[in-house]
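Undergrad: Curious how this folds, go ahead:
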Amino acid sequence: MDFALPYTKEQELFRKEVRAWLEANVPQEMKEPLDTRHVSDEEYERYHAFWNAKRREMAVKGWLWPTLPKQYGGGGLTGEHETILQEEFHKHNAPYGNGTTAFLVSSLLVWATEAQKQKFMVPILKHDAITSQAFTEPQSGSDLASIHSTAVRDGDDWIINGSKAFQGNPPGLTWVYSPIMTDSDAPRHRNLGFFMIPGRAPGVTFVRTRTMNGNRQNLLFYDNVRVPGDHLIGGDHQGWQVTNTALEQEHGGRGQAFPRDPNMDNLMAYVQGVKGQENGERDIHHQEAMKAYIDSHLSTLFAQRNFGMYMARQEMSYHGSQATMWNKVYNVDNAERTRHIMKLYAMLGVLEPRALFDGRPETYQRGSLTGVHPGGTIEIQKVIIARRIGISRTQERAAPTPATATTFAS
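TA: Reported below is the predicted structural model:
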């Protein structure tokens with residue numbers, strides 16, 4: 001069966017336009033860094049300043065949010081155009097995608113009033129505003145509904161106190177979006193609000209922390225932060241529902257047009273190029289590489305299936321968590337395969353002169369472990385799948401998304 005995606009003549013002309021823009025606009029030093037642990041604060045800020053400017057250019061061209069409606073600053077393009085953009089940016093080793101901001105936009109499309117869409121979403125889609133997700137708290141990660149941060153009414157405003165963990169703090173941060181407890185007496189899942197919190201407001205403090213993947217994450221503290229009433233998205237008891245619309249996308253419910261797996265590519269290249277092994281060891285390594293190849297392509301098919309379903313506005317249930325769970329398990333397994341095959345070379349970082357593939361296998365070892373947490377652990381994905389296929393004590397349906405709740409898909 002041929003899984004290749006055919007492109008029209010018009011789409012191939014679009015590809016040439018994207019490729020020409022990349023060649024003219026993205027110098028070597030501004031391509032995606034391999035390991036940000038070895039990027040200085042000055043280099044980090046220079047990199048972000050460059051890409052913030054380029055993303056504003058991309059927004060004007062309709063490339064930053066290609067499938068969103070033009071009325072809010074999107075491109076009004078098709079899923080095929082998004083696929084081409086991802087393919088060409090990947091080939092050029094340039095960053096493409098909107099990270100956790102994409103989860104926020106999903107919630108805004110479904111839950112925000114028209115005035116809030118103009119206030120928040122339009123500048124986000126034009127890249128005139130930068131956002132960061134603040135969901136996890138020090139005592140609640142997998143159990144995301146266990147929020148302790150509080151929001152108390154003060155006239156038309158809200159006063160927010162509490163803390164968040166694993167928090168980004170990108171240069172130029174405009175808003176942090178957070179579920180916050182608004183009613184301590186209300187039952188679980190009915191006691192939260194979803195807030196757009198100004199990222200540089202008085203009382204907002206970031207404290208840098210060092211994690212396995214580097215030192216770009218923070219603890220975030222809210223100390224009597226005053227937030228205007230129109231920064232509450234949805235009702236003051238609907239925060240869990242608004243959050244779940246974001247989580248549907250974070251759990252894999254939108255899929256991906258062009259999934260990347262450079263670590264599997266590196267493993268295959270190593271196995272094909274290595275010499276001098278005993279026949280038995282070589283045969284075992286070939287079998288393990290074959291398993292990695294098959295698992296990687298299954299992950300790709302899950303992601304592309306979900307992307308196709310989302311763009312076709314088909315209702316989804318377990319599909320996103322199925323893809324995410326498979327990808328998390330596969331990456332942990334494949335990191336182990338890489339250690340087995342490459343041996344200690346898999347542990348040499350980007351600064352080591354004998355590192356393979358510029359040190360990418362070592363960053364993969366760390367990333368495969370830290371990647372188990374974001375968007376819900378493997379166990380959480382299993383719980384979601386069980387609830388949605390009807391084999392759990394509790395059953396649930398997927399939260400509304402832009403594909404199922406509105407007249408357009410994101």
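Undergrad: phi, psi of the residue most central in space within the chain?
TA: Within the chain, one residue has its C-alpha closest to the average C-alpha position: by C-alpha atoms, centre = their mean, that is Gly99, at 4.2 Å. For Gly99, the backbone dihedrals are phi 60, psi -140 (criterion: degrees, to the nearest 10).
Undergrad: Residue ranges of each domain in the protein, please.
TA: 9-97, 129-243, 251-405 (automatic domain parsing).
Undergrad: that older thread, ok, the residue nearest to the centre of the chain to Gly75 distance?
TA: Distance of Gly99 to Gly75, computed by C-beta to C-beta, to the nearest Å: 18 Å. Where you see a C-beta, it was placed from the backbone N, CA and C, and this is true even at glycine.
Undergrad: which residues of the stretch 151-300 of the chain fall in strands?
TA: 157-167, 173-181, 192-198, 204-211, 214-228, 232-233 (DSSP state E, counting those that start in this stretch).
Undergrad: Could you list the paired strands of the first one along with their orientation?
TA: Looking back up the chat, that one is strand 157-167. Strands flanking strand 157-167 in the sheet, each with its direction: strand 150-154 (antiparallel), strand 214-228 (antiparallel) (DSSP bridges).
Undergrad: Report pLDDT for Phe3.
TA: In the prediction, the pLDDT value recorded for Phe3 is 57.
Undergrad: Asp154 now?
TA: 97.
Undergrad: which stretches of the chain aren't confidently modelled?
TA: Low-confidence segments of the chain, defined by pLDDT under 70, are located at 1-5, 275-279, 406-410.
Undergrad: I'd like to know how many residues surround the nearest residue to Thr324 once chain neighbours are set aside.
TA: The shortest distance from Thr324 to any residue that is not its chain neighbour, by C-beta to C-beta, 6 or more residues apart in numbering, is 3.9 Å, and that residue is Gly252. Other residues within reach of Gly252 by the criterion other C-beta atoms under 10 Å amount to 26.
Undergrad: Could you measure from Gly252 over to Ala303?
TA: 7 Å.
Undergrad: so what sits against both of these two?
TA: Common contacts of Gly252 and Ala303 (C-beta atoms under 8 Å, 6 or more residues apart in numbering): Ala323, Asn327.
Undergrad: In contact with the nearest residue to Glu288 once chain neighbours are set aside: list those residues for me.
TA: Using C-beta to C-beta, 6+ apart and skipping residues adjacent in sequence, the residue nearest Glu288 is Arg337, 4.8 Å away. The contact partners of Arg337, by C-beta under 8 Å, 6+ apart, come to Leu267, Glu288, Ala289, Lys291, Ala292.
Undergrad: Against Met290, how distant is the first one?
TA: Same thing as Leu267. When distances are taken as C-beta to C-beta, Leu267 and Met290 turn out to be 11 Å apart.
Undergrad: More neighbours: which of the two?
TA: Neighbours of Leu267 and Met290, each counted by other C-beta under 10 Å, are more numerous for Leu267; the result is 27 against 12.
Undergrad: Quick check: the more buried one touching Ala289?
TA: Yes: using C-beta atoms under 8 Å, Leu267 is in contact with Ala289, at 5.9 Å.
Undergrad: so what sits against both of those two?
TA: A shared contact of Leu267 and Ala289, defined by C-beta under 8 Å, 6+ apart, is any residue touching both; here these are Arg337, Ile341.
Undergrad: returning to that earlier point: which is the next helix or strand following the one helix or strand the residue nearest to Glu288 maps to?
TA: Element membership for Arg337 (DSSP states H and E) is helix 319-342. Scanning the chain past helix 319-342 towards its C-terminal end, the next helix or strand to appear is helix 360-370 (assignment: DSSP H and E).
Undergrad: Now that next one: buried residues?
TA: Neighbour counts using 16 or more other C-beta atoms under 10 Å place Arg360, Pro361, Glu362, Thr363, Tyr364, Gln365, Arg366, Gly367, Ser368 of helix 360-370 among the buried residues.
Undergrad: do the same with stretch 47-60
TA: Residues of stretch 47-60 classed as buried under the neighbour-count rule (16+ other C-beta under 10 Å) are Tyr47, Trp51, Lys54, Arg55, Met58, Ala59.
Undergrad: circling back: possible to save the strands paired with strand 157-167 as JSON lines with mean neighbour count?
TA: What follows is the strands paired with strand 157-167, written out as JSON lines (neighbours: other C-beta atoms under 10 Å):
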{"stretch": "strand 150-154", "mean neighbour count": "16"}
{"stretch": "strand 214-228", "mean neighbour count": "18"}
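Undergrad: Make a markdown table out of those strands and add distance to Gly79.
TA: Output for these, formatted as a markdown table (distance: least, C-beta to C-beta, whole Å):
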| stretch | distance to Gly79 |
| --- | --- |
| strand 150-154 | 37 |
| strand 214-228 | 31 |
